[in-house]
Structure formats: C-alpha cells, structure tokens
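Peer 1: Structure for this input, please:
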Amino acid sequence: MIAQIDIVETDRTDALRRSWVGAARELAACPGFLNAQLHVVFKRFNARGYDLISVVRWTDINAHYAARAAGLERPLEADRGINLYGLVDRSEFVEQPARGSRLVITNPYRIRQPQAAENAMMWGATKALMAGRDGFISAELFQSYHPEHDTYYFISRAEWESEDAFMKQLAGKDYKNLVAPFEGTFQICLSHVVDEIARGG
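Peer 2: Predicted coordinates:
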C-alpha cells in the first residue's frame, strides 16, 4: 500500500474541500484505489502548521501512476514535492474508516536521510508507549518515496478517541522524555476527517 499525502496551508478551505470531493470520486473508479480522506486541522502545536491534509491510499505505486497517466488530478494540489509515501510501520489495529468524532494527529517530519533512523526509532518507542493507553486507536508511519525532492521525509498519523485522551498522554513525562531530543523536527496538528471516499464511491 502507498499513500499520496498532500498537506496544504490555505485560506480557501471550503472551496478546496468541494473540489477535493469531486476529484476523489473520479479517482475512486480507478483500479487499485483504496480510499481517500480529507482532514481539516483545528489545532496546532509547536509550529505554524497547516489547514488541510489529503490522504489517498493505493494498492501499489503502479496504480497511482496509472491514474495520473489517465489525466486524473490529485484531489488536493499541494506546493510541496511529489508527496508519495510508503507505509513503513504501524500499530496493531483493525483498519476502519475514521469517524468525524475521532481525533487524527498528523506529524510531518522535516528531516534528512542521516536523521531518519533515530527519528524512526523515536516514533516506534512512542507508538509502543501510546498503544496501551486509554483512547488510543491506531498509528502509522509513512516514508517518502522521493526524499530528494522538497517534501517531508516522514509523515505519521495517529487516531485517538478524543482530544482529551490524547492531551493527557501528551502531557506525560514519559512521552516528553522520548521526544525532547527531537523538538523542532516535526509538527503536531490535530484534525478531524471531514470527507471520505471509498473504492467505487
């Protein structure tokens, strides 16, 4: 599975949301399309952040390129790089569509290749720490297929039952000790999935 992840800062949220739905529905008819989700950010930590996140999942990279070759546009055109990512780590969970009431945390990592291994180890330790906590649902780590371009090297995505559940863990000393050496390498934004298109949808 690969993901096309576009992260956008915009003051045109409503207009881009409408165009995203139309484009995602066209992609949904393509072979290899799995699903597409559009997130709207409502809170940011430790950076200016961004406003919209589009995640389109494909069975493999060839399915993605076939859709592009057919002239179908990305649901959310971003300014940054190629934005193709492979799933490299995930928590144990049963995959299911995100619900609007659930919290989705998206963290893009602005790092280079030499920092990748230690950042991935930190993410894995954080995943293990959070996985047993009340309110945790799932976590995924994606790595760029094209790190040589101007794009984020890693993007992580986690679901929690509520903002309160996540904030309680974020404030814990064990979490702070894990991430302290990596402050400034990743952003944290809280969002909800506002639109979701399934295969054939």
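
Peer 1: Now do the buried residues in the lengthiest strand in the chain.
Peer 2: As assigned by DSSP state E, the longest strand anywhere in the chain is strand 33-45. Residues 33-41 are the ones in strand 33-45 that count as buried (16 or more other C-beta atoms under 10 Å). Placement of C-beta: from N, CA and C, glycine included.

Peer 1: who does the helix or strand following that strand pair up with?
Peer 2: Proceeding N to C from strand 33-45, the next assigned helix or strand is strand 52-58, under DSSP states H and E. Under the criterion DSSP bridges, strand 52-58 sits next to strand 2-8 (antiparallel), strand 33-45 (antiparallel) in its sheet.

Peer 1: Contacts for strand 52-58, please.
Peer 2: 1-8, 10, 13, 16-17, 20, 24, 27, 32-41, 64, 67, 74-76, 78, 106, 157, 189, 191 (C-beta atoms under 8 Å, 6 or more residues apart in numbering).

Peer 1: circling back to that earlier point, now the strands paired with strand 52-58 as TSV including distance to Asp51?
Peer 2: TSV is the format used below for the strands paired with strand 52-58 (distance: least, C-beta to C-beta, whole Å):
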stretch	distance to Asp51
strand 2-8	6
strand 33-45	5
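
Peer 1: Check which helices and strands the longest helix along the chain is in contact with.
Peer 2: If you go by DSSP state H, the chain has its longest helix at helix 113-131. Where contact means 3 or more C-beta pairs under 8 Å, 6 or more residues apart in numbering; DSSP states H and E, helix 113-131 is packed against strand 84-90, strand 136-144, strand 154-160, helix 173-179.
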